[in-house]
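Q: Just the structure for this:
(2 chains)
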Amino acid sequence: MHIDPHQNYFELFGLPVSFDINSDLLSLAWRDLQRATHPDRFAHGTAQERRIAVQQAALVNEAYDTLRVPLKRAKYLLALSGYSVDEQQSAMDPLFLMEQMELREQLGEVRQAADPFTALDRVRSEVEARERVLMVELSNLLAPGAEGDPEAAGSTVRKLQFLDKLLVSAAELEEDLVHSH
Amino acid sequence: MAYSDKVIDHYENPRNVGAFDKEEQNVGTGMVGAPACGDVMRLQIKVNEQGVIEDARFKTYGCGSAIASSSLVTEWVKGKTLDEALAIKNADIAEELALPPVKIHCSVLAEDAIRAAIDDYRTKQGDDSSETDEGRKSA
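A: The predicted model follows:
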């Protein structure tokens, strides 16, 4: 098994270069490649063969991890077209940031709620609803023929990152609530 | 991660937490966020007729370093002119709070927040002094 290091991650898994991917096909292709590059298969090979196998297995996993997660996939797709999403950019739509602050506030008040789990679910549904809207927006911005506006796609990626962090905080809070009940 | 004593102090006793009415003419509001960590920071300044920042408020959702950076900045901008406040650099904040390299971005966020608040204030003043609207009204 030899992997051409110059092919992009989509090509590696035999998938069309696109934001909307078939995740079943991705998983199947990953499993095949993982088996083919598994270092155990080269246990009796030369030192060089073993080293290459380890590198290829790592590449396959990294590629899978990138394409599997929508935000990573979006950033990778943008990078393929020469645009890198600036994650340090702090200037954003003030209304969006205001909303984020309110959602954070609501999350902070969950503990004091009469029924914290219901309160937590309410905040989480809010966040997930916004996430769905932005995901559709991102998919449209990255659709073939619409690649002309990487700035807009980058901005949507940044917004989705905020929601991602909120959901992580919500999950941590839930963990906490479960343990303290 | 070990926080410095100064970060802990600001985190436990944050200065100037709260909000001004952002509609007020002499208030500038800066909202900034860090996509990589999800931190959101709001810094508000109240500017007097001499162009001096006489008061400041902040609200930050984020890690201890982000909270400390914005808390510190509210103290620092008070009594400064807008230009003096713009001269505050993230390196000064990071040094004062002894932020480790992985937390430098929190001080950058605080510097960006000052900039955004001053921008907002200046835009407001610009709108206020625009005479075209006044002229149209009296015409």
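Q: only C-alpha atoms for contact and neighbour calcs from this point on.
A: Fine.
Q: Would you mind naming what in chain A lies close to chain B?
A: Neighbours of chain B within chain A, by Cα under 8 Å from any Cα of the partner chain: A:87-92, A:94, A:97-98, A:100-101, A:104, A:158-159, A:161-163, A:165-166.
Q: Excluding residues flanking it in the chain, which one is nearest B:V77?
A: The shortest distance from B:V77 to any residue other than its chain neighbours is 5.4 Å, reached at B:A85 (Cα to Cα, 6 or more residues apart in numbering or on different chains).
Q: How about B:A36?
A: Nearest in space to B:A36, with sequence neighbours left out and distances taken as Cα to Cα, 6+ apart, is A:E87 at 5.6 Å.
Q: Do you know the pLDDT at the one you found?
A: With respect to pLDDT, A:E87 scores 86.
Q: got the contact list for it?
A: In this structure, A:E87 makes contact with A:158, B:34-36, judged by Cα atoms under 8 Å, 6 or more residues apart in numbering or on different chains.
Q: Kindly recompute the last result at 7 Å.
A: A:158, B:35-36 (Cα atoms under 7 Å, 6 or more residues apart in numbering or on different chains).
Q: Equivalent analysis for A:L107, please.
A: With Cα under 7 Å, 6+ apart as the criterion, the residues that contact A:L107 are A:120, A:123.
Q: In terms of helix, strand or coil, where does it fall?
A: Of the three states, A:L107 takes helix under DSSP: H, G, I helix; E, B strand; the rest coil.
Q: pLDDT wise, what is it at?
A: Model confidence at A:L107, given as pLDDT, is 94.
Q: what does A:H2 give?
A: 66.
Q: try the one 3 residues further on
A: Model confidence at A:P5, given as pLDDT, is 73.
Q: Burial check on it, number of neighbours?
A: In terms of burial, A:P5 registers 10 neighbours under the definition other Cα atoms under 10 Å in any protein chain shown.
Q: And what about it, helix, strand or coil?
A: coil.
Q: Would you enumerate the residues in contact with it?
A: Per Cα under 7 Å, 6+ apart, neighbours of A:P5: none.
Q: next one: the one 10 residues further on
A: Shown in contact with A:L15 (Cα under 7 Å, 6+ apart): no residues.
Q: pLDDT score assigned to it?
A: Per-residue confidence for A:L15 comes out at a pLDDT of 95.
Q: Name the helix or strand for it, please.
A: Of the helices and strands defined by DSSP states H and E, none includes A:L15.
Q: same deal with A:V136?
A: Under the assignment here (DSSP H and E), A:V136 is part of helix A:116-141.
Q: Which positions in that helix come out as buried?
A: Using 16 or more other Cα atoms under 10 Å in any protein chain shown as the burial criterion, the residues of helix A:116-141 that qualify are A:116, A:119-120, A:123-124, A:127-128, A:131, A:134-135, A:137-141.
Q: Next: stretch A:69-87.
A: Of the residues in stretch A:69-87, those with enough neighbours to count as buried (16+ other Cα under 10 Å) are A:70-71, A:73-78, A:85.
Q: From the contact counts, what lies against the strand or helix carrying B:D119?
A: Using DSSP H and E, the secondary-structure element containing B:D119 is helix B:104-129. In this structure, helix B:104-129 packs against strand B:27-34, strand B:39-47, helix B:64-77, helix B:82-86, helix B:90-97, with contacts taken as 3 or more Cα pairs under 7 Å, 6 or more residues apart in numbering or on different chains; DSSP states H and E.
Q: Enumerate the positions of it that are buried.
A: In terms of neighbour count (16+ other Cα under 10 Å), helix B:104-129 has its buried residues at B:104-122, B:124.
Q: the inter-axis angle of that helix versus strand B:27-34?
A: Going by axes from the mean of the first three to the mean of the last three Cα atoms, to 10 degrees, helix B:104-129 is angled at 150 degrees with respect to strand B:27-34.
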